[in-house]
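Engineer: Here you go, sequence then predicted model.
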Amino acid sequence: MTNIKQHITVFEHEILRFNKGDNRITEAQLIELQKYYGNGIPFYSLCNNGIQFNEFVGVIQVGNTLIEVLPKADKATASKSKWRDILIGMLKAVGIFDIKSTSDSSLKIKPNTILNLYFEMFINEVEHLLHNGLIKQYRGKDENISVLKGRIQFAKHVSFNLTHRERFYVRHTFYDANHNLHFILYKAICLLQQINSNVNLHSRIGALLLNFPEMPDIKVNEATFEKLQFTRKNQTYKKAIDIARLLLLQFHPDISRGKNNVLALMFDMNKLWEKFVYVSLRKNMHTTASIAAQNSKFFWKPEVGYRSKIKPDIVINEGGEDCIVLDTKWKNINGYNPSPDDLRQMYVYHEYYHANRVALVYPGEKSQRKEGAFLHPKSSERLDKECSLICLEVGPSIKQWQENIYLEIESWRKGLFKK
């Protein structure tokens, strides 16, 4: 079990250095993070003697140091526990953490990081699989044996047994628990024993290793998971396999040093905010309006090559005539105007979706709206094309926040249709 000696908590866009600041990493850990970044990792950028985080949040474990990156959408210094709860609540709301697992057992440990939440969910799933009995599958095996069973592989039989007539090179089938699903789960359990730092989970991981049949070690990559096929028989494995995939593919062992292994579970806050707003609207919307996410349209085509698309975050239609387009941005604009790029993007949505109005949706310290309109290119007079800014106050609870998001946008939407 990894002994976490240092737990660093920072907010998004903060800088973490090894030679200054309240929170510091070692120079060796910085080197590992630099090598990890060299693999095309977008979670942070490199700066002088350190790293600067961006819009990705979550956890990065480097050896025995856990770096927790939290979101923050206000100017005030909010408590880190508050933003940790908000992040986990948002992830649950959009379905990344499906608490209604196949075992129907709730999480017993209050997580102090997203990493612990993933670990316990994986343990719950594997415990459930063991309780119900591991499934068996047919698998073929080629062997040179002294008993004739299965099919003789004549080419290899002649090659191997020219002077051993008492043996047969055959291919026969087994029906047992030795298959890829269990190879992956066993490898993930072994990894968990190595990197887990939560003492409350240590005994459960040990029990899993004791009760789970020992499996051969396999090399795992993206192709390993792409080859898996889920049927009605093995569908109960999908949740555990999904978590195992995340853990195994994100774990980057430092073979040369053996102590600064890197594991990262990070989430893009822009995408998470987009999904959170969409799920909140769909969950609470009880009108005849339809809501769609990522509703793309083609808008340009070269003479040779592929067409280009535009893809707004959320499109709401009512009656086939009234249309509004929402584009979500996880940033605090602090009362300033949106960037020109964002406004140009909204103007294109206005044109191509024949929208009545469009809006940029931000998180904020308090809920408020600012109306605006596009201007005529020559006279600079207001056009009949409006673009609003909608700031949505964070909290106080995830459920209340989702209801407030719906009420604010629905109020703005109804105001539009009353015109």
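Structural biologist: All right, it came through fine. Numbering: from 1, shown residues only.
Engineer: what does stretch 46-60 rub up against?
Structural biologist: The contact list for stretch 46-60 (Cβ atoms under 8 Å, 6 or more residues apart in numbering) reads 10, 12-20, 25, 30, 33-34, 37, 42-45, 66-71, 87, 113-115, 262-270, 330. Just so you know, the C-beta spots here come from the backbone N, C-alpha and C atoms, and that holds for glycine as well.
Engineer: Buried residues of that stretch, list them for me.
Structural biologist: Under the neighbour-count criterion of 16 or more other Cβ atoms under 10 Å, stretch 46-60 has 50, 51, 53, 54, 55, 56, 57, 58, 59, 60 buried.
Engineer: Separate out the buried members of the contacts of stretch 46-60.
Structural biologist: 10, 12, 14-18, 25, 30, 33, 43-44, 66-71, 87, 113-115, 262-270, 330.
Engineer: So which of those residues are in helices?
Structural biologist: The helices, defined by DSSP state H, take in 30, 33, 87, 114, 115, 269, 270 from those.
Engineer: Of those, which pair is most distant in space?
Structural biologist: 30 and 270 (26.5 Å; Cβ to Cβ).
Engineer: Now do the contacts for the nearest residue in space to residue 25 that is not next to it in sequence.
Structural biologist: Nearest residue to residue 25, sequence neighbours excluded (Cβ to Cβ, 6 or more residues apart in numbering): residue 18, at 5.2 Å. Each residue near residue 18 by Cβ under 8 Å, 6+ apart is listed here: 24, 25, 26, 27, 29, 30, 49, 50.
Engineer: again, only using 10 Å
Structural biologist: For residue 18, the contact set (Cβ atoms under 10 Å, 6 or more residues apart in numbering) comprises 24, 25, 26, 27, 28, 29, 30, 31, 33, 49, 50, 51.
Engineer: any idea how far it lies from residue 8?
Structural biologist: Residue 18 sits 12 Å away from residue 8, going by Cβ to Cβ, to the nearest Å.
Engineer: likewise residue 122?
Structural biologist: 24 Å.
Engineer: quick one, which of these two is more surrounded?
Structural biologist: Neighbour count, other Cβ atoms under 10 Å: between residue 122 and residue 8, residue 122 has more, with 25 against 17.
Engineer: mind checking the SS state of residue 92?
Structural biologist: Secondary structure, DSSP: H, G, I helix; E, B strand; the rest coil: residue 92 is helix.
Engineer: Who does the nearest residue to residue 115 once chain neighbours are set aside form a beta bridge with?
Structural biologist: Nearest in space to residue 115, with sequence neighbours left out and distances taken as Cβ to Cβ, 6+ apart, is residue 59 at 4.7 Å. The bridge-partner assignment for residue 59, based on DSSP bridges, gives residue 68, residue 265.
Engineer: Now do residue 59, the pLDDT please.
Structural biologist: With respect to pLDDT, residue 59 scores 87.
Engineer: Next one, pLDDT for the residue nearest to residue 80 when sequence neighbours are not counted please.
Structural biologist: In this structure, residue 80 finds its nearest non-sequential neighbour in residue 9, 5.1 Å apart by Cβ to Cβ, 6+ apart. With respect to pLDDT, residue 9 scores 89.
Engineer: Residue 9 and residue 114: what is the separation?
Structural biologist: From residue 9 to residue 114 the distance is 12 Å (Cβ to Cβ).
Engineer: Equivalent analysis for residue 16, please.
Structural biologist: For residue 16, the distance to residue 114 - Cβ to Cβ - is 18 Å.
Engineer: Might one say that residue 11 is in contact with residue 67?
Structural biologist: No - using Cβ atoms under 10 Å, residue 11 is not in contact with residue 67, being 11.9 Å away.
Engineer: For residue 266, which non-adjacent residue is closest in space?
Structural biologist: Sequence neighbours aside, residue 58 is the residue nearest to residue 266 in space, at 3.8 Å (criterion: Cβ to Cβ, 6+ apart).
Engineer: which parts of the strand or helix carrying residue 82 are buried?
Structural biologist: Using DSSP states H and E, residue 82 sits in helix 80-93. Of all the residues in helix 80-93, those buried under the rule 16+ other Cβ under 10 Å are 83, 84, 85, 86, 87, 88, 89, 90, 91, 93.
Engineer: could I get those residues as a markdown table with pLDDT?
Structural biologist: Formatted as a markdown table, those follow (pLDDT from 0 to 100):
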| residue | pLDDT |
| --- | --- |
| 83 | 87 |
| 84 | 86 |
| 85 | 85 |
| 86 | 87 |
| 87 | 88 |
| 88 | 86 |
| 89 | 87 |
| 90 | 89 |
| 91 | 87 |
| 93 | 88 |
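Engineer: for those residues, which one is nearest residue 145?
Structural biologist: residue 91 (51.9 Å).
Engineer: Cheers, nothing more for now.
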